[in-house]
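Trainee: Attaching a predicted model along with its sequence, questions to come.
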Amino acid sequence: MHRSIRMMVLCRTLLLSFLLFFSLVSSGACVLSPEALRRAPEIRGAVWFNIEQYPKISLKSLQGNVIFLVFWGSNDMNAAEVIRQVNALRDRYRDQGLEVIGVHDSEMGVNVSEAVVINEIRRFGIGFPVVMDSDGSIQMAYEQLGGVSLYLIDRRGYIRGQFGVGFSWKDVELLLQMLLEEGHSRPWEQYERKDI
């Protein structure tokens, strides 16, 4: 009997602590730490492909959508399979607010011509916008080390997922689904109040 009273007191304390924390968070008196979230750097490039349907292409102009950022290069052996998977995800979730942007990386400083990139876009069947990162500035802004990499950016412009070598497509899709379901009204919007 004494043990059940202790358990009841413990459960009640935990419940009250949770209710207090929830009321502080919902009132804005306490927010989750924003350090875990990093604002996605803007993507600036002089040469873009597949942007006919976009009056202006930038992360800012696409805000409100979940952005799937794909770094790839012409000489990467994994690029074809990654692009195939990304195309499939784009087709599946486009109507739910997913936008995909490809970043053709600088191939470790080797200049690649626009013609080579256009041929790769056709060969892989890429229908999403692609920017050439000839000088590596986008790679540096994202601290991307080369090779195929994926970034998921939420509707508010924060990087929420980064996937490199050996990632699981199941994990990528689960995070993507979560970000698409989040909508526009979430607790981390409180971080934005200082920036606006």
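Mentor: Right, received. Where do you want to start? Residues are numbered from 1 along each chain as shown.
Trainee: May I have the phi/psi pair for the residue nearest to residue 96 when sequence neighbours are not counted?
Mentor: Closest residue in space to residue 96, ignoring its immediate chain neighbours: residue 180 at 4.8 Å, by C-beta to C-beta, 6 or more residues apart in numbering. For glycine as for every other residue, the C-beta is placed from the backbone atoms N, C-alpha and C. When read as degrees, to the nearest 10, the backbone of residue 180 gives phi -70, psi -30.
Trainee: measure residue 180 to residue 148 for me?
Mentor: In this structure, residue 180 and residue 148 are separated by 22 Å, where distance is defined by C-beta to C-beta, to the nearest Å.
Trainee: Please report how far the residue nearest to residue 96 lies from residue 143.
Mentor: As judged by C-beta to C-beta, residue 180 and residue 143 stand 25 Å apart.
Trainee: okay, these two: which has more neighbours?
Mentor: Using other C-beta atoms under 10 Å as the criterion, residue 180 and residue 143 rank with residue 180 on top: 17 against 9.
Trainee: How far does stretch 93-112 sit from its chain's centre?
Mentor: Here stretch 93-112 shows a centroid-to-chain-centroid distance of 12 Å under the convention C-alpha atoms, centre = their mean, to the nearest Å.
Trainee: buried sites along that stretch?
Mentor: When burial is assessed from 16 or more other C-beta atoms under 10 Å, stretch 93-112 yields the following buried residues: 93, 97-107, 112.
Trainee: Which of these scores worst on pLDDT?
Mentor: Going through those one by one, the lowest pLDDT turns up at residue 107, 61.
Trainee: Now the residue nearest the centre of the chain: closest residue in space that isn't a chain neighbour?
Mentor: The geometric centre of the chain, computed from its C-alpha atoms, lies nearest to residue 152 (C-alpha atoms, centre = their mean), at 1.3 Å. Closest residue to residue 152 apart from its sequence neighbours, by C-beta to C-beta, 6+ apart: residue 161 at 3.9 Å.
Trainee: Spit out the contact partners of the one you found.
Mentor: Counting by C-beta atoms under 8 Å, 6 or more residues apart in numbering, residue 161 touches 150, 151, 152, 172, 175, 179.
Trainee: ok, now with 10 Å
Mentor: Contacts were defined as C-beta atoms under 10 Å, 6 or more residues apart in numbering; by that measure residue 161 touches 68, 150-154, 167, 171-172, 174-176, 178-179.
Trainee: Now the buried members of those.
Mentor: Neighbour-count burial (16+ other C-beta under 10 Å) is assigned, among the contacts of residue 161, to 68, 150, 151, 152, 153, 154, 172, 175, 176, 179.
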